[in-house]
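A.B. asks: here is a sequence together with a model predicted from it:
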Amino acid sequence: MTKFEKIQEAALRLFTEDGFDATPTSRIAKEAGVATGTLFHHFSSKDELINALYIAVKERMIERIARGVTADQSLRDRLRQVWVNSISWGLDFPAEYRFFRQYSGSRYINDKAKEEGEAYLQFLFDLLQEGADDGVLKSTDASFLYAIGSGLVMEVIQYLLTRGKPENQDAIWETGWRSFWDALRAREA
């Protein structure tokens, strides 16, 4: 693992455990096993580190969410795959999920990271817009459909993470999927 990766791994762990404000760069460097100067060689500030980590997490998240989603599938099947992949990502990478959830509403997000993050989401926005244009999904802005859908995804992940592996996990996944689909689909679909 490179020093850059060690810094990001330590920052991810510490930010999710203690928060952004309570995590000094000196502690990140120490946890990563690098000199503080090395951290500042890669990142000019803690804010830059936070935003870079956000982009790295979002890139990995979107890569995972897009797996198995193909143009030959129906819109419903593509969204079902996105649902399954999203929940799986959150459960497989709980630190990244927590960081993403924490970061998305923080004051640290800058315009550059926001724009870059939205660029990664473009395939989802296109998918949702296609569904809205075809009348399969509610006729509204794709970014609003994303907000509705991602809110449901995040809450299902949170529910499952806080309860370990409940006996009725399969039923929770299925109920979550039906809720997700019902929230997005047009009445007629």
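C.D. replies: Nice, thanks for sending it over.
A.B. asks: only C-alpha atoms from now on, for both contacts and neighbour counts.
C.D. replies: OK.
A.B. asks: can you pull the buried residues of stretch 100-111?
C.D. replies: If you call a residue buried by 16 or more other Cα atoms under 10 Å, then stretch 100-111 has these buried ones: 100, 103, 109.
A.B. asks: and which of these is nearest to residue 27?
C.D. replies: Distance to residue 27 across the buried residues of stretch 100-111 (Cα to Cα) is lowest for residue 103, with 19.2 Å.
A.B. asks: quick one: mean pLDDT over the one helix or strand the closest one maps to.
C.D. replies: Element membership for residue 103 (DSSP states H and E) is helix 94-104. Helix 94-104 shows a mean pLDDT of 92.
A.B. asks: so what secondary structure elements neighbour the helix or strand of the chain with the lowest mean pLDDT?
C.D. replies: Lowest on mean pLDDT, DSSP states H and E among the helices and strands of the chain sits helix 111-120, with a mean of 89. Applying 3 or more Cα pairs under 8 Å, 6 or more residues apart in numbering; DSSP states H and E, one finds that helix 111-120 makes contact with helix 46-65.
A.B. asks: buried set for the helix it packs on?
C.D. replies: In helix 46-65, counting by 16+ other Cα under 10 Å, buried: 46, 48-51, 53-55, 57-59, 61-62, 65.
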